[in-house]
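Trainee: Below is the sequence, then the predicted model.
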Amino acid sequence: MLNKHQKIQFSQMVERSVEQATKNLSGTKGVVSVRLSQEEIDVIDQLVFLELAKNRSDATAMLIREGIRTHESLFNEMREYTAELEQVKAKMQRRIQESGLVGRLQQADDREEIPNGGDGHESKSND
């Protein structure tokens with residue numbers, strides 16, 4: 001059982017943890033799981049050991065942000081090309097829909113029958 005002083009310390013620790021978690025999560029959009037080599041994990045652990053990052057997650061995020069910042073012009077160019085490709089994709093989807101091809105393919109698919117009750121095996125006739 002905790003004494004009064006320990007309970008107060010524990011309560012303060014929980015409050016600090018909640019505050020820190022809230023700070024860490026502010027602006028966070030999602031969680032990504034990644035597989036890393038031991039060498040990459042060692043670099044991340046060194047950042048944590050040197051107290052340049054609070055934990056592995058923060059160290060990893062820091063390195064990713066730095067990589068994106070370093071190659072910002074390349075990623076901006078990639079975004080522009082991706083936007084252009086999205087427009088071409090949407091145009092082709094509309095064109096294919098308007099052609100009626102998708103509907104005809106779906107009708108043809110619906111008309112196909114699977115032989116012998118759908119088990120995919122042909123039965124031999126005993127004629």
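Mentor: Arrived safely.

Trainee: Assign Ala53 to helix, strand or coil.
Mentor: Using DSSP: H, G, I helix; E, B strand; the rest coil, the structure places Ala53 in coil.

Trainee: Tell me how many other residues crowd it.
Mentor: By other CB atoms under 10 Å, the residues close to Ala53 number 19. Every C-beta, even on glycine, is put in place using the N, C-alpha and C of the backbone.

Trainee: Confirm for me that it is in contact with Met62.
Mentor: Yes. Ala53 lies in contact with Met62 (CB atoms under 8 Å); the separation is 5.7 Å.

Trainee: Return every residue with contacts to both of these two.
Mentor: Common neighbours of Ala53 and Met62, using CB atoms under 8 Å, 6 or more residues apart in numbering, are Leu47.

Trainee: Quick check, central residue of the protein?
Mentor: The central residue of the chain, meaning the one whose C-alpha is nearest the mean C-alpha position (CA atoms, centre = their mean), is Val32 at 5.6 Å.

Trainee: Torsion angles phi and psi at that residue?
Mentor: Taking degrees, to the nearest 10, you get phi -130, psi 130 for the backbone angles of Val32.

Trainee: List the contacts of it.
Mentor: By CB under 8 Å, 6+ apart, no residues touch Val32.
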